[in-house]
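A.B. asks: next comes the sequence, and after it the predicted model I'd like to discuss.
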Amino acid sequence: MGQRSIHAYTWAPMWTTEYGEHAVNRAAALGYHHVVVPIRNHENIDAKAIAGIFAAAAIKPVTTSPLQPENDISSTDRTIWQRGVDRHKAALDLAAEIGADRMGGILYSAFGKASRVAGEDNFKAAAEGLALVAEKARGMGMILSLEVVNRYETNLINTAADAVRLIETIGADNVKVHLDTFHMNIEEDDMMAALELALPHLAYFEIDQNHRGLLSRGTIDFSPFLERLKQAQYTGLIGVEAFSSAISHPDITAGVGAWRNMFDNGDDVAREGVELMARHGF
């Protein structure tokens, strides 16, 4: 199975089985090997149907498991913390039923702009909870990949250095790093240095333009990063992500701030991603 991955939200306004089927079929037709399935609302995940869709398309799912304030695994309230652990474990079961071998995203805290600085106690709570989730994942032959995101989406892990520290604290070899160039462009002093630091732990490198629209328009030059990954003989996934107000559901638009119409058809983003990766040998 190849390394190219793309988020379902490139085509899907939100996750439903019907929207998901369209995204999976378009991704497969355009040369992708994996599609990200957000396990956001568990009641919307028809695992058997989704597994069938991926099997028919001959590609694999990658799952995410976002958290909310009421089940924040970095909370010092043990009831909330336990809900976070339990939610991730339930999401792992759904991921396995779908056919995924990994679960990623913002696994370490609630998604959204925080109102205060995270404390060391929050960091320790996240590490403790994720160690339990990682243990379950290991028994299922799955990895966890922790996505490093910007200050408006979490107050806990904003840089590659933060993620590496969390992984080392967790101490599980099936916990990896997920870097996204959109977030790196906001938070890192030196994006290439951040890649170098994360590289020994890297499982997912996501290509995402500074405005989250078409990859060919914007300030981020992806070539140096892809060249470095090729030089390092990187074998993890390389993903594409983009959002547009013309496609995203209002809830998704609000969550990621996709206020502008950046593209009308996800195929345009997907084609640019394939061309870019192929040009660098992926």
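C.D. replies: Thanks, I have it. Numbering: from 1, shown residues only.

A.B. asks: which residues are contacting stretch 157-167?
C.D. replies: 106, 108-109, 123, 126-127, 130, 146, 148-151, 156, 175-177, 179, 183-184, 187-188, 194-195, 197-198, 201 (CB atoms under 8 Å, 6 or more residues apart in numbering). Quick note: C-beta positions are derived from backbone N, CA and C, even for glycine.

A.B. asks: any of these buried? List them.
C.D. replies: Among these, the ones that count as buried by 16 or more other CB atoms under 10 Å are 106, 108-109, 123, 126-127, 130, 146, 148-150, 156, 175-177, 179, 183-184, 187-188, 194-195, 197-198, 201.

A.B. asks: which parts of the stretch 151-282 of the chain are strands?
C.D. replies: 175-180, 202-207, 237-240 (DSSP state E, counting those that start in this stretch).

A.B. asks: in TSV, list those along with distance to T64 and mean pLDDT.
C.D. replies: TSV is the format used below for the strands of the stretch 151-282 of the chain (distance: least, CB to CB, whole Å; pLDDT from 0 to 100):
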stretch	distance to T64	mean pLDDT
strand 175-180	9	98
strand 202-207	10	98
strand 237-240	11	98
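
A.B. asks: any chance of the ones you listed in a markdown table, plus distance to D162?
C.D. replies: Shown next, in a markdown table, are the strands of the stretch 151-282 of the chain (distance: least, CB to CB, whole Å):
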| stretch | distance to D162 |
| --- | --- |
| strand 175-180 | 10 |
| strand 202-207 | 15 |
| strand 237-240 | 20 |
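
A.B. asks: ok, and what's touching the helix or strand harbouring G20?
C.D. replies: Per DSSP states H and E, G20 falls inside helix 17-29. By CB under 8 Å, 6+ apart, the list of residues contacting helix 17-29 from outside reads 6, 8-13, 35, 37, 44, 46, 49-50, 53-54, 57-59, 266-267, 270.
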